[in-house]
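> After the sequence you'll find the predicted model.
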Amino acid sequence: MTDQLVGDPAAGRRTNILDHLDHRTPGHSLPGALYTDPEVFETEIDLLWRRRWLFVGTVAEVPEPGDYLTFDVAGSSVLVIRDDDEQVRAFHNVCRHRGSRLVAPGNGSVGNLVCGYHSWTYATDGSLRYAPQLSPDIDRACLGLRPVALREVGGLIYCSLAATPDGDLDLAADQIRDYLTPHRLDRAKVAAQVDLVEEGNWKLVLENNRECYHCEGGHPELTCTFFPTWGLSEDQVPDRLRADHDRYLFAEADLMRRCDELGIPHRLVEDLVERPFGFRIQREPLDGVGESFSIDGSRLVGRLLGDLADPQLGRCTFHTQPNAWIHLLADHVVTFSVTPLSPDRTLVRTTWLVHEEAVEGVDYDVEALTAVWRATNEQDATFVRNTQLGVADPAYVPGPYNEAERHVDYFVRWYDAQIRSEV
Amino acid sequence: MTDQLVGDPAAGRRTNILDHLDHRTPGHSLPGALYTDPEVFETEIDLLWRRRWLFVGTVAEVPEPGDYLTFDVAGSSVLVIRDDDEQVRAFHNVCRHRGSRLVAPGNGSVGNLVCGYHSWTYATDGSLRYAPQLSPDIDRACLGLRPVALREVGGLIYCSLAATPDGDLDLAADQIRDYLTPHRLDRAKVAAQVDLVEEGNWKLVLENNRECYHCEGGHPELTCTFFPTWGLSEDQVPDRLRADHDRYLFAEADLMRRCDELGIPHRLVEDLVERPFGFRIQREPLDGVGESFSIDGSRLVGRLLGDLADPQLGRCTFHTQPNAWIHLLADHVVTFSVTPLSPDRTLVRTTWLVHEEAVEGVDYDVEALTAVWRATNEQDATFVRNTQLGVADPAYVPGPYNEAERHVDYFVRWYDAQIRSEV
Amino acid sequence: MTDQLVGDPAAGRRTNILDHLDHRTPGHSLPGALYTDPEVFETEIDLLWRRRWLFVGTVAEVPEPGDYLTFDVAGSSVLVIRDDDEQVRAFHNVCRHRGSRLVAPGNGSVGNLVCGYHSWTYATDGSLRYAPQLSPDIDRACLGLRPVALREVGGLIYCSLAATPDGDLDLAADQIRDYLTPHRLDRAKVAAQVDLVEEGNWKLVLENNRECYHCEGGHPELTCTFFPTWGLSEDQVPDRLRADHDRYLFAEADLMRRCDELGIPHRLVEDLVERPFGFRIQREPLDGVGESFSIDGSRLVGRLLGDLADPQLGRCTFHTQPNAWIHLLADHVVTFSVTPLSPDRTLVRTTWLVHEEAVEGVDYDVEALTAVWRATNEQDATFVRNTQLGVADPAYVPGPYNEAERHVDYFVRWYDAQIRSEV
């Protein structure tokens, strides 16, 4: 083992993460080191974040040829650009000359990709078009931008930094696409985007998202439309929430009926633990008027997405591991992407999408559209920060999950299995 | 040794700190690495800060049941709370569910301790009272808050993070208590508290406090009442300070007489080098009017502490290693706690306490009460910062202490001995 | 090797840097780890920055006895002071008592050097003059400030942190001095000094300075007078720059003639790859009026330096590795020193010097004097930041230099050779 350590620091790190995983208690929160140890974090970057499919954005952000977005994770910057032939492609955002970033973080639109340093110029298909004074002996064909694997599923864009990405997303895509297409992301536009850096490990961010056990006390705005008994089995519903839960069951039955009539899929598909692309998708009812994430549940955008006519389609909620959850409603879509910045800092990017022809100030108001999730995100950031401080405390002992936290347990098991499969 | 390094990083760190200690020159300042090396710092945390008794505050901060204070050190957060049965107890500030901090840093008052994340609720004695939807199979008795060792001595609260703390504080307490009780911290209140982060190693902060060799040039406000010949032997007093020193001797004799008449102990008890709870206590005169830390030495608080009638009681100065010094005067008490934040950052918390019935704006003015030590602390922070920069310089060579710095030497020897005793 | 690693972390680091150097492709930018790896950085500090001659400032900054400047690099602070006997000397800025910094960073003037902590007092020749209450048993002669090697060449001050500095600067000095002396730095003063922290590795800062391949697109202000074909061979000059280049050739011939008439040396001396003190010096023409770094090339200071009468002396450009480039013009001198702060942060200090009798507001305007290089530095800082981000990206692959970047290649080869010679 000594030799491994000297010869390959990554080998030592992998032994380290396995040690911690071997010490975890099933059904309990993870050992503290898995949330805090820089070596664990590096291993996660290598084994998960550089190998799994990551949600990076939607086609709505790159509608025209030359439109691009960037997605940064673990020192890599991925440039997603719509080619002149309308194909969405991804490249590493690194000039092949001396390595300068080609574009600054964010969205934009270009004719060609021109490096600001020495004017090396690439076409939107990544090929090197122009390099001033470069010796003719050098083969320009070898100096195109390095490609990144990309898949589009119902308007959602996923990338993988792996040289040979797993095929699991392709298998999952057929199960997912029909849930997404009614919302027509190809005819949507970005109404708002907010970046929030949460002061906690990325797994705490995911775990927090995987249960609504904290919603009743912690999210007053969200629980106006998000039924607080989410995740509870019948016998777990406390008396004080019984009326809410009965309303939920009624709303669910009504939603199922509407969807069936419209031919829109709604049934739960959940495969969170075993597969590399762990995911869960389901259409679920909203409380109140049942249309959108507002205080009374009424729609937030006058113009519905795509060709939808019925505003009461609840929320189609799509969760993909390790880094996304997305709510698709009749009037808007809200996507969340998670990227780890350090063991104790995580970026959550929230994007609200509306019909491309919806008019701000007429069809929707940005403040109102974003109010519930901005508040909810801030509340979650507080939970994550306080939990990060606690799990970093030497006195922390993993505690028991209960049934309402079973998706947290699924996530933790997925994480354990994925790490072990890649070591 | 290689195996140890691979198997146990702490073992390698301990070898490292011993190497540095073995290279120190007696009677000289410490080798630079002991102030700068992150491994040394980690070892100090493990061997000293997690094992010795640390001053965390006073009973004046938690007068009523449910009142609490927090003390954070090395990733641990200690929650000191007065129980409903009036007992002051300490717990780790970590929820037993998924680890969230229970209370934010600072002082406060609660009925029960309710975790903000999922509403797990603990009584003030640490027992788990309520955990929503927790399976009945789980033994709640095993999910109480984890206790931290606590001792109260004359109103001062000390905690130890050790599972089995040493018994030395209990032995020392009997030598100390009678010096403190006349000041009645149980009937005092906090008038002001200031946190200052000094940009230097915690040992530089302690060393700076252990000598007044720098007072004459460095602390114009303090030396109005703090005799600048503190720590000098008779033959070391320079001519220019002769008159000051003679005034000191006269004031000392007068103070001894007053104390003896009142039955208040004043004699030096000093055991700084050998014992785990290194300490020093003595009542010493103040210059000028001799009452308090003001410019002319007159009292700063109209209402004296406890039942004291004589304002001219000088300063009872109590120093405890590794993290406190406290001055108890007739009109107020000022406590200083030190906590290491990183190899080169240290928190100094200064708290001024007055009689609980003293009225701000009538009996005392906060600005005036705190002026001398706020200025002095800032001056010391500059000394510590400049010294940290210098001892981190590869050109630094430890220099000789002189007699006026003998308490610095005592501290350094205590540090050496304590590390060696724990390795 | 394991033993080395355990016994001597530096040995492991050196193996590491050699591994990276062994993997570099000649004629290509360096492997990414050489710009980002903290171990590489530490090794560079040990092998280059603590052993080579570093440019620290000019005699113009310390004209009178007691005047001093500081130069900080890698935790060392060097105090350069003019002694009472008019000699410029350098010392470590560390008190021999308990290690405090003696002077704060920056320039100043003192009678003696008095430590602010305990008033230990040193003469300007570094000897300990006074140490209050220091035991008479201690030999004060052993407690003088620790000296740093210093050389002055034509008014430029170089220091070396090495115990036994190499003799190469002394050899080079004779080749250099005559280029510098006409500008009389001993009769100059500082008109302005600007510190800029660039967010990139020090080698990227140097490499950026070593080519003007990026000037045409990147430095609109500089290329008013800095011919954009700098570094290009005849056959590389692109058609669109042909007129510029012809103007350059004409201006060069004219400048050579003037210099020869005045007896001022101008020919290229370049020894950038092999010697420890890699350097390049040459007098080159400026575009436009040909006098100074202004938009139209006209002089920026009415009073010329020293006894110069002809304002059209172009720029004498002196580059020294690892940390300086200096332009000497008839009306002013501008020096640049580079110091590494961390793997990805580098300080660039720019200093503008004018005749000591030039009057601000009359002979020169500081804004106008500094405008071109302030703008150019900011532009370069952007290039360096973007390149640092890119070379830190796992997708970065070193790309090919072309002929216009041959000085970058020389620098990289120098770096490789110097590291190998010191390991």
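Yep, that arrived. The model shown is predicted, which means the values in this text are computed figures rather than measured ones. Numbering: from 1, shown residues only, chains lettered A, B, ... in the order given.

> Would you mind listing what in the stretch 201-350 of chain A touches chain B?
Counting by C-beta under 8 Å from any C-beta of the partner chain, the stretch 201-350 of chain A comes close to chain B at A:207, A:213-214, A:217-218, A:232, A:236, A:238. Where you see a C-beta, it was placed from the backbone N, CA and C, and this is true even at glycine.

> Output those in TSV; the columns should cover secondary structure, neighbour count and distance to A:Ala90.
Listed next are these as TSV, based on DSSP: H, G, I helix; E, B strand; the rest coil; neighbours: other C-beta atoms under 10 Å in any protein chain shown; distance: C-beta to C-beta, whole Å:
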residue	secondary structure	neighbour count	distance to A:Ala90
A:Glu207	helix	26	29
A:Tyr213	coil	27	37
A:His214	coil	22	36
A:Gly217	helix	17	41
A:Gly218	helix	20	36
A:Leu232	coil	22	40
A:Gln236	helix	17	43
A:Pro238	coil	14	47
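
> and these as a markdown table, adding pLDDT?
Converted to a markdown table, these look like this (pLDDT from 0 to 100):
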| residue | pLDDT |
| --- | --- |
| A:Glu207 | 98 |
| A:Tyr213 | 87 |
| A:His214 | 92 |
| A:Gly217 | 84 |
| A:Gly218 | 89 |
| A:Leu232 | 79 |
| A:Gln236 | 81 |
| A:Pro238 | 85 |
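
> center of chain A - which residue?
A:Ala324 (1.8 Å; C-alpha atoms, centre = their mean).

> Look up which residues are beta-bridged to it.
Note on A:Ala324: beta-bridge partners A:Thr320, A:Ser337, judged by DSSP bridges.

> show me the contacts for it.
Applying C-beta atoms under 8 Å, 6 or more residues apart in numbering or on different chains, we find A:Ala324 in contact with A:54-55, A:318, A:335-338.

> Relative to chain B, which of these is nearest.
Distance ranking of the contacts of A:Ala324 against chain B, using C-beta to the nearest C-beta, places A:Val338 first at 18.1 Å.

> give me the number of residues near the closest one?
A:Val338 is flanked by 22 other residues according to other C-beta atoms under 10 Å in any protein chain shown.

> Which residues are in contact with it?
Counting by C-beta under 8 Å, 6+ apart, A:Val338 makes contact with A:202, A:205-206, A:322-324, A:346-348.

> May I see the PyMOL selection of the buried members of these?
To isolate the buried members of those in PyMOL, using 16 or more other C-beta atoms under 10 Å in any protein chain shown:
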select buried, chain A and resi 202+205+206+322+323+324+346+347+348
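
> Of the contacts of A:Val338, which belong to strands?
A:324, A:346-348 (DSSP state E).

> Tell me, please, where in chain A the pLDDT is lower than the cut-off.
Chain A contains residues with pLDDT under 70 at A:1-7.

> So which bits of it are right by chain C?
A:2-3, A:6, A:50, A:74-77, A:92-101, A:116-119, A:132-135, A:138, A:143, A:146, A:161.

> now these: which count as buried?
Burial by neighbour count, judged by 16+ other C-beta under 10 Å, picks out A:6, A:50, A:74, A:76-77, A:92-101, A:116-119, A:133-134, A:143, A:161 from the residues of chain A next to chain C.

> How about A:Arg96: what's its closest non-neighbour residue?
Nearest residue to A:Arg96 in three dimensions, chain neighbours excluded: A:Leu143, at 4.4 Å (C-beta to C-beta, 6 or more residues apart in numbering or on different chains).

> could you measure that neighbour against A:Gly399, distance?
Distance of A:Leu143 to A:Gly399, given as C-beta to C-beta, to the nearest Å: 54 Å.

> can you give me the strands in the stretch 101-250 of chain A?
A:108-109, A:113-114, A:121-122, A:128-130, A:149-153, A:156-160, A:188-198 (DSSP state E, counting those that start in this stretch).

> who does the longest one touch, helix- and strand-wise?
In this case it means strand A:188-198. Applying 3 or more C-beta pairs under 8 Å, 6 or more residues apart in numbering or on different chains; DSSP states H and E, we find strand A:188-198 packed against strand A:345-355, helix A:366-391.

> Report the buried residues of that strand.
A:188-193, A:196, A:198.

> cool, the fourth one as well?
Using 16+ other C-beta under 10 Å as the burial criterion, the residues of strand A:128-130 that qualify are A:Leu128.

> Where do the domain boundaries of chain A fall?
A:54-152, A:166-422 (automatic domain parsing).

> wait, which of these is closest to C:His183?
Between C:His183 and those, the shortest gap by C-beta to C-beta is with domain A:54-152, which sits at 32.6 Å.

> Sounds good, over and out.
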